[in-house]
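Novice: predicted model follows, preceded by the sequence.
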Amino acid sequence: MIEKRIKIGLVGCGQIADAHLQQIRRIPWADPVAVCDLEPLLARQAAERFEIPGQFTDLDQMIEQTRPDVVHLTTPVGSHRPLALQLLAAGVHVYVEKPFTVDADEAREVLAAARQAGRLVCLGHDQLFDPAWLECRRRVAAGAVGDVQHVESVLGYPLDGPFGTQVVANVDHWVRRLPGGLFQNTISHPLYRITEFLRDDEPEIQAAWFSRVPRIPFPTELRAHLAGEQVTGSLLFMSTTKPCHRLTRIYGTDGSLEVNLTSQLIRTDQIDRYPGAIARIEVPWRQVREASRNFRQNLLRFWRGDFHYFDGLKEMFRQFYQAILEGGESPVSGEEIVRVTAIMDRMFHACQREDDKRCDGRRQRRTTHSHIPETENAFEKRCDAADEVLCEKSP
Ligand SMILES: NC(=O)c1ccc[n+]([C@@H]2O[C@H](COP(=O)([O-])OP(=O)(O)OC[C@H]3O[C@@H](n4cnc5c(N)ncnc54)[C@H](O)[C@@H]3O)[C@@H](O)[C@H]2O)c1
């Protein structure tokens, strides 16, 4: 039971701010005291809808007048470093939405400032605090799959969804100016579900991005393979498939486990207990029983009104605030923040290298043939039109 109360500010009243304010409101001992946005109208609508007393367009004024213990940064990633440094210098703890900073050097700078100020910093790896993920982590720790060997992580990202449409429609959208483009803003979710088990600082990385949608002038698909000492991982980012998955499969020496964060389902696959034909009856029977257990659990949660898409955010906020009030550790350590950010940097470099190779090949074929010969490969054919646009843009 937490007896103290904590005062919270939020900077950046855009799309994800609503989810933050909703989840903060679910913590009874948390008091959101102020919101801030460069755009006064956005600050006002957030303050009014969530009944928050303070609304500002200037961060210094917000700190000065409301003295928050912690501030959430829900602004574009390019502003995370300067705003976090400003907050830490003012003695405020900081919760930073993913991605933490534009690159790992910036992340190290912010963490050094936090150490110097004696303040905590947390990064929004919220899916690791989702109820289904916490259950999966518990089962893996209890040996449900034996030793983890491989993690497959899928993120479906609808370009016609609320976040995607903004990026597609607006040529000046801040996401389109990031070195890792669309992926820099989104890839950390499927990545940290892999790095939870793949603990290496510098795994080998092969990665490529490409586009399947010719009318969109930036890559919309990413595939990556990571290889650590013990564990490998594969990451799939898909923007043209439905349903939009938030899916992870963990393969171990004694079984595998699949976590579907959207449906809040966990499915296990164990070594066959019986030989041959009997196993073909026993395995589906086991699956029926598991599905029935999942059904009962979800029904109960539905009954209690206990389904929240951003449940992970709430749990993470709760742990972070508790650490601030009781002098504990941030739920995501500084080392982990730098490790994941550095892996993202390397993934984007790998994609960029692949892009350069592909575009060089295209230019060479163009000079030798004066036009690009029609490819016979069906997949290449589909990507060709999109590629043309990307390569025209590449230096
Ligand atoms: N955890 C998740 O699932 C999730 C989902 C979406 C976005 N995000 C992250 O949240 C962050 C914001 O994304 P978004 O989609 O809400 O962006 P957005 O563009 O919708 O909103 C950003 C807001 O910040 C304001 N802003 C920019 N610079 C500012 C400054 N210096 N001071 C005050 N306000 C400023 C803008 O006016 C805008 O209202 C990004 O880092 C993004 O990756 C996380």
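Specialist: That came in fine, so what should we check first? Residues are numbered from 1 along each chain as shown.

Novice: which bits of the stretch 1-150 of the chain sit near the ligand?
Specialist: 11-16, 36-39, 42, 74-77, 79, 83, 97-98, 124, 126 (C-beta under 6 Å from any ligand atom). The way it works is simple: take the backbone N, C-alpha and C, and place the C-beta from them, glycine included.

Novice: in strands, which of the residues you listed fall?
Specialist: Judged by DSSP state E, these include 11, 36 as members of strands.

Novice: now which of the residues of the stretch 1-150 of the chain next to the ligand would you call buried?
Specialist: The neighbour count (16 or more other C-beta atoms under 10 Å) marks 11-13, 16, 36-37, 42, 74-77, 79, 83, 97-98, 124, 126 as buried among these.

Novice: which ones among those map onto helices?
Specialist: Mapping these onto helices (DSSP state H) picks out 42, 83.

Novice: tell me the contacts of the residue of the stretch 101-250 of the chain found nearest the ligand?
Specialist: Distances between the stretch 101-250 of the chain and the ligand by C-beta to the nearest ligand atom are smallest at N185, namely 4.5 Å. Contacts for N185 (C-beta atoms under 8 Å, 6 or more residues apart in numbering) come out as 77, 99, 167, 175, 178.

Novice: ok, and the most crowded of those residues?
Specialist: For those, the largest neighbour count, defined by other C-beta atoms under 10 Å, is 26 neighbours, found at P99.

Novice: do I have it right that it meets Q184?
Specialist: Yes. Contact status for P99 versus Q184: in contact at 6.0 Å, counting by C-beta atoms under 8 Å.

Novice: in the chain, what residue comes closest to the ligand?
Specialist: G14 (1.7 Å).

Novice: any idea of the pLDDT on that residue?
Specialist: What the model reports for G14 is a pLDDT of 96.

Novice: test my guess that it contacts L42.
Specialist: Yes. Judged on C-beta under 8 Å, G14 makes contact with L42 at a distance of 6.9 Å.

Novice: hey, what's in contact with both of the two?
Specialist: Counting by C-beta under 8 Å, 6+ apart, nothing touches both G14 and L42.

Novice: what's the single longest helix in the chain?
Specialist: helix 334-369.

Novice: which positions in that helix come out as buried?
Specialist: Neighbour-count burial for helix 334-369, counted by 16+ other C-beta under 10 Å, picks out 334, 336-348, 350-351, 355, 358-359, 362.

Novice: and the strands in the stretch 51-200 of the chain, which stretches?
Specialist: With DSSP state E, counting those that start in this stretch as the criterion, the stretch 51-200 of the chain has strands at 54-56, 70-73, 93-96, 121-123, 148-156.

Novice: look up how far M238 lies from the residue nearest in space to the middle of the chain.
Specialist: Taking C-alpha atoms, centre = their mean as the criterion, H189 is the residue nearest the geometric centre of the chain, at 2.3 Å. Using C-beta to C-beta, to the nearest Å, one obtains 13 Å as the distance from H189 to M238.

Novice: same question for Q23.
Specialist: Separation of Q23 from M238 (C-beta to C-beta): 27 Å.

Novice: the more surrounded of those two?
Specialist: Neighbours were counted for Q23 and for M238 using other C-beta under 10 Å; Q23 has more, 22 against 18.

Novice: what's the burial count for the spatially closest residue to the more buried one that is not a sequence neighbour?
Specialist: Spatial nearest neighbour of Q23, excluding adjacent residues (C-beta to C-beta, 6 or more residues apart in numbering): K314 at 4.0 Å. Using other C-beta under 10 Å, the number of residues around K314 comes to 22.
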